[in-house]
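Undergrad: Okay, structure incoming, though there's no sequence with it:
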């Protein structure tokens, strides 16, 4: 991966040429995967969260609305650790619970697209309006990878918004994506081994890593998820050590990302089998899959965008 590190540092050296960088994220804590890159874009970087992150309310003693408010506060604390003031962040405040409810309805009833479409159209329009207002020259978002449906939809709606921005301004922003996880969390923060796009890697400084670890601590509500990642790392320890990672901290000190491939087919399943896409994801027992819960939304959006599915 020497070449990927070289490309990453070469890209990092040019970051000051971007005047209006934007992180477009689905959830509060999605910034953790690329917290080092985020730090290198301070002070001008802006952060836009699409959801209020209320999806795991059932793991707390709170209802969705107050749980979402808790998560939003945690997100602002996380950014503060990185030197980003609240004035440079915004949450579009869409409910994860309602998004999952709509995706589950699509799974159960494919002919319900007309009924659930207004929610997805509202998300698409809000992302587009935000990007047209901010006019970013660099957008970093979550990878299109089939690990989490809201990650994929955020990426996809960001792509459509950047198309609109390019038509409006005649200039196309740089578009990069960051892998989060696949196969539950077994493959975390790295692209799939068969990924054919360009890979860039950054090795964080001690100070950048220390800040990243402090940002993780800003999310006490997500302690279980971070703990799950640590346990997976321990199970994969021998393999990880062969790849040069002696600890979870060593792993977190390396960040992988890359330019979004121009030929991404958003109608194609991210994995050959739907089973491996959004593994075990559901809403109150109803599965959420790419083919039945996400692809219909993508197809309708592409049609309305003027691109035939």
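TA: Nice, thanks for sending it over. Values in this document were obtained by computation on a predicted structure and should not be read as measured data.
Undergrad: hey, where'd the helices end up in the stretch 151-300 of the chain?
TA: 206-217, 223-235, 237-242, 248-252, 295-304 (DSSP state H, counting those that start in this stretch).
Undergrad: Go through those and find the least confident stretch.
TA: The stretch with the lowest mean pLDDT among the helices of the stretch 151-300 of the chain is helix 237-242, at a mean of 56.
Undergrad: what helices or strands is the strand or helix carrying residue 92 leaning on?
TA: Element membership for residue 92, per DSSP states H and E: strand 89-94. Where contact means 3 or more C-beta pairs under 8 Å, 6 or more residues apart in numbering; DSSP states H and E, strand 89-94 is packed against strand 46-51, helix 64-81, helix 113-134. C-beta coordinates here come from the backbone N, C-alpha and C atoms, glycine included.
Undergrad: Identify all contacting residues around that strand.
TA: The contact list for strand 89-94 (C-beta atoms under 8 Å, 6 or more residues apart in numbering) reads 28, 46-52, 68, 72, 75-76, 79, 119, 122-123, 126-127, 130.
Undergrad: which of these count as buried?
TA: Among the contacts of strand 89-94, those scoring as buried are 28, 46-52, 68, 72, 75-76, 79, 119, 123, 126-127, 130 (criterion: 16 or more other C-beta atoms under 10 Å).
Undergrad: Give me the distance between residue 127 and residue 120.
TA: Going from residue 127 to residue 120 by C-beta to C-beta, to the nearest Å gives 11 Å.
Undergrad: Over to residue 168?
TA: 22 Å.
Undergrad: what's the answer for residue 97, then?
TA: 15 Å.
Undergrad: Same question for residue 161.
TA: Distance from residue 161 to residue 120, by C-beta to C-beta: 14 Å.
Undergrad: Pull up the overlap in contacts between those two.
TA: Between them, residue 161 and residue 120 share no contacting residue, judged by C-beta under 8 Å, 6+ apart.
Undergrad: show me what contacts residue 84?
TA: 38, 42, 43, 45, 47.
Undergrad: Over to residue 161?
TA: 124, 127, 128, 130, 131, 132.
Undergrad: my read: residue 253 touches residue 207, true?
TA: No - counting by C-beta atoms under 8 Å, residue 253 stays clear of residue 207, with 11.2 Å between them.
Undergrad: of these two, who's got more company?
TA: Neighbours of residue 253 and residue 207, each counted by other C-beta atoms under 10 Å, are more numerous for residue 253; the result is 19 against 10.
Undergrad: Tell me how far that one lies from residue 290.
TA: Distance from residue 253 to residue 290, by C-beta to C-beta: 32 Å.
Undergrad: And residue 116, by the same measure?
TA: For residue 116, the distance to residue 290 - C-beta to C-beta - is 16 Å.
Undergrad: cool, residue 109 as well?
TA: For residue 109, the distance to residue 290 - C-beta to C-beta - is 17 Å.
Undergrad: Compare the two and say which one has the larger neighbour count.
TA: Applying other C-beta under 10 Å to residue 109 and residue 290 shows that residue 290 carries more neighbours, namely 20 against 12.
Undergrad: Let me see the contact set for the more buried one.
TA: 146, 149, 152, 269, 270, 271, 274, 277, 278.
Undergrad: The fourth one: neighbour count?
TA: Using other C-beta under 10 Å as the criterion, residue 269 is surrounded by 16 other residues.
Undergrad: Can you tell me how far the residue lying closest to it once chain neighbours are set aside is from residue 136?
TA: In this structure, residue 269 finds its nearest non-sequential neighbour in residue 290, 5.3 Å apart by C-beta to C-beta, 6 or more residues apart in numbering. Relative to residue 136, residue 290 is positioned 28 Å away (C-beta to C-beta).
Undergrad: do residue 73 as well
TA: In this view, residue 73 and residue 136 are 25 Å apart by C-beta to C-beta.
Undergrad: Between those two, which has more neighbouring residues?
TA: residue 136 (26 against 14).
Undergrad: what residue ranges in the protein score low on pLDDT?
TA: For the chain, applying pLDDT under 70 flags the ranges 1-2, 185, 225-226, 228-229, 231-244, 308-309.
Undergrad: change it to 80
TA: 1-2, 183-187, 221-246, 307-309 (pLDDT under 80).
Undergrad: ok, the closest residue to residue 34 other than its chain neighbours - contacts?
TA: In this structure, residue 34 finds its nearest non-sequential neighbour in residue 178, 4.5 Å apart by C-beta to C-beta, 6+ apart. Neighbour list for residue 178: 33, 34, 37, 140, 141, 142, 143, 189, 255, 256, 257 [criterion: C-beta under 8 Å, 6+ apart].
Undergrad: Nice, that's everything, thank you.
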